[in-house]
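Participant: Model the structure of this input:
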Amino acid sequence: LDRTGQAITDINAATIAGTLRAAVQSRWGETLPTRFAVIGMGRFGGHELGYGSDADVLFVHEPREGADEQEAAQAAAAVANELRRLLQLPSSDPPLLIDADLRPEGKSGPLVRTLASYAAYYRRWSLIWERHALLRAEPMAGDAELGRRFTELIDPLRYPAGGLDEKDVREIRRLKARMEAERLPRGADPRTHAKLGRGGLSDVEWTVQLLQLRHGARLPALRTTRTRTALAAAHEAGLLDAEDAQVLDEAWLLASRVRNAVMLVRGRPGDTFPAEGRELGAVARYLGYGPGHAGELLDDYRRTTRRARGVVERVFYEG
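Facilitator: Okay, here's the model as predicted:
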């Protein structure tokens with residue numbers, strides 16, 4: 001699974017990099033009047049993409065020396081929009097959807113900001129959920145130096161000196177509880193929803209990320225965008241005992257493999273087990289179960305994620 005996630009991430013990063021070059025060259029030749037970088041977020045930044053995943057990103061630019069700032073801003077916005085347009089054109093491959101909704105102010109905020117604008121926003125207005133989201137931020141394409149400086153800008157936010165105060169911890173727990181209550185699709189079984197269900201991907205990731213926010217400043221090994229690497233580092237640092245770390249890791253792996261299996265069997269992304277018997281059987285076969293053993297897969301999934309939810313209750317909600 002780690003190799004698959006890394007490979008799909010690499011393919012998408014290379015696709016974005018090539019498309020970015022094409023978007024620049026079509027109008028500006030070799031040099032854009034502003035430096036431009038694409039920052040991966042979410043599973044893209046975490047090198048954990050699955051089959052059918054879109055790519056969460058932030059766009060950052062910085063006008064070149066002597067360039068007109070308004071012209072640079074217009075060029076950056078045009079390039080970002082052209083990049084997204086090109087990646088959605090019909091071709092022999094599925095479109096690569098670019099999601100920039102994790103940017104400051106969300107959909108209502110500008111699609112592209114300068115590095116200075118990001119700095120000003122995060123200094124004055126950033127909320128805890130934004131610092132949380134930045135744990136997965138990693139430069140993926142464009143100007144490497146600008147990407148490095150963006151990382152330097154956000155590191156004090158996502159790995160705050162002294163960790164989090166209790167107010168921020170309570171807010172993260174409140175946001176997680178609200179997500180569980182409001183974002184689970186109507187009619188979905190919380191015991192078998194791979195992303196938002198009990199002991200699923202969200203449970204494991206938020207638990208690991210809370211440890212990163214609280215301890216990342218003093219423990220360099222926690223400063224990673226990758227869930228399993230951070231989980232192993234938390235165990236090595238004594239923040240999780242061996243059994244709890246293993247339980248969370250097994251649940252995260254199984255939920256991730258289920259999502260990949262559903263995509264391959266049904267041809268579209270999904271976070272729940274198929275209701276149709278033949279499709280469910282195909283998912284079970286992909287995951288290594290013999291013919292007629294789909295029920296065993298469901299039992300194993302519920303047992304694995306139930307144990308993980310117990311760890312989440314203790315470590316995330318009570319720890």
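
Participant: Tell me who's in contact with residue 95.
Facilitator: Residues touching residue 95, when contacts are defined by Cβ atoms under 8 Å, 6 or more residues apart in numbering, comprise 87, 88, 89. For glycine as for every other residue, the C-beta is placed from the backbone atoms N, C-alpha and C.

Participant: go again using 7 Å as the cut-off
Facilitator: With contact set as Cβ atoms under 7 Å, 6 or more residues apart in numbering, residue 95 has these partners: 87, 88.

Participant: what does the one 10 residues further on give?
Facilitator: Residue 105 makes no contacts at all, as judged by Cβ under 7 Å, 6+ apart.

Participant: Now the phi/psi pair for residue 39, please.
Facilitator: With angles defined as degrees, to the nearest 10, residue 39 sits at phi -100, psi 120.

Participant: Do I have it right that it meets residue 136?
Facilitator: No. Applying Cβ atoms under 7 Å as the test, residue 39 and residue 136 come out as separate, 9.7 Å apart.

Participant: Show me which of these two is the more surrounded one.
Facilitator: Higher neighbour count among residue 39 and residue 136: residue 39, with 28 against 25, using other Cβ atoms under 10 Å.

Participant: From residue 96, how far off is that one?
Facilitator: Separation of residue 39 from residue 96 (Cβ to Cβ, to the nearest Å) stands at 16 Å.

Participant: got it, and residue 285?
Facilitator: Residue 285 sits at a distance of 29 Å from residue 96 (criterion: Cβ to Cβ).

Participant: Which of those two has more residues huddled nearby?
Facilitator: Neighbours of residue 285 and residue 96, each counted by other Cβ under 10 Å, are more numerous for residue 96; the result is 19 against 16.

Participant: who's in contact with the more buried one?
Facilitator: Contacts here follow Cβ under 7 Å, 6+ apart; on that basis residue 96 touches 12, 15, 55, 87.

Participant: Reformat the residues you listed as a markdown table; add neighbour count and distance to residue 4.
Facilitator: As requested, those are arranged in a markdown table below (neighbours: other Cβ atoms under 10 Å; distance: Cβ to Cβ, whole Å):
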| residue | neighbour count | distance to residue 4 |
| --- | --- | --- |
| 12 | 21 | 13 |
| 15 | 16 | 16 |
| 55 | 25 | 16 |
| 87 | 20 | 21 |
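
Participant: what's around residue 295, how many residues?
Facilitator: 11.

Participant: do the one 4 residues further on as well
Facilitator: Residues within reach of residue 299, counting by other Cβ under 10 Å, total 11.

Participant: Please save the CA atoms from the helix or strand it falls within in PDB.
Facilitator: Of the helices and strands defined by DSSP states H and E, residue 299 is found in helix 294-312. Once side chains and other backbone atoms are set aside, the C-alpha atoms of helix 294-312 remain, and they are given as PDB (Å, rounded to 0.1, in the frame of the first residue of the first chain):
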ATOM      1  CA  ALA A 294     -17.100 -11.800   1.900                       C
ATOM      2  CA  GLY A 295     -18.900 -12.100   5.300                       C
ATOM      3  CA  GLU A 296     -15.500 -12.900   6.900                       C
ATOM      4  CA  LEU A 297     -14.100  -9.700   5.400                       C
ATOM      5  CA  LEU A 298     -16.900  -7.600   6.900                       C
ATOM      6  CA  ASP A 299     -16.400  -9.300  10.300                       C
ATOM      7  CA  ASP A 300     -12.600  -8.700  10.200                       C
ATOM      8  CA  TYR A 301     -13.200  -5.100   9.200                       C
ATOM      9  CA  ARG A 302     -15.600  -4.400  12.000                       C
ATOM     10  CA  ARG A 303     -13.400  -6.100  14.600                       C
ATOM     11  CA  THR A 304     -10.200  -4.200  13.400                       C
ATOM     12  CA  THR A 305     -11.900  -0.800  13.400                       C
ATOM     13  CA  ARG A 306     -13.700  -1.400  16.600                       C
ATOM     14  CA  ARG A 307     -10.400  -1.900  18.300                       C
ATOM     15  CA  ALA A 308      -9.000   1.200  16.700                       C
ATOM     16  CA  ARG A 309     -11.900   3.200  17.800                       C
ATOM     17  CA  GLY A 310     -11.200   2.200  21.400                       C
ATOM     18  CA  VAL A 311      -7.700   3.600  21.000                       C
ATOM     19  CA  VAL A 312      -9.000   6.800  19.500                       C
END
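
Participant: Distance from that helix to the middle of the chain?
Facilitator: With Cα atoms, centre = their mean, to the nearest Å as the basis, helix 294-312 stands 23 Å off its chain's centre.

Participant: what sits up against it?
Facilitator: Judged by Cβ under 7 Å, 6+ apart, the contacts made with helix 294-312 from elsewhere in the structure are 191-192, 197-200, 203-204, 207, 244, 247-248, 250-251, 254, 258, 273, 280-281, 284, 287, 289.
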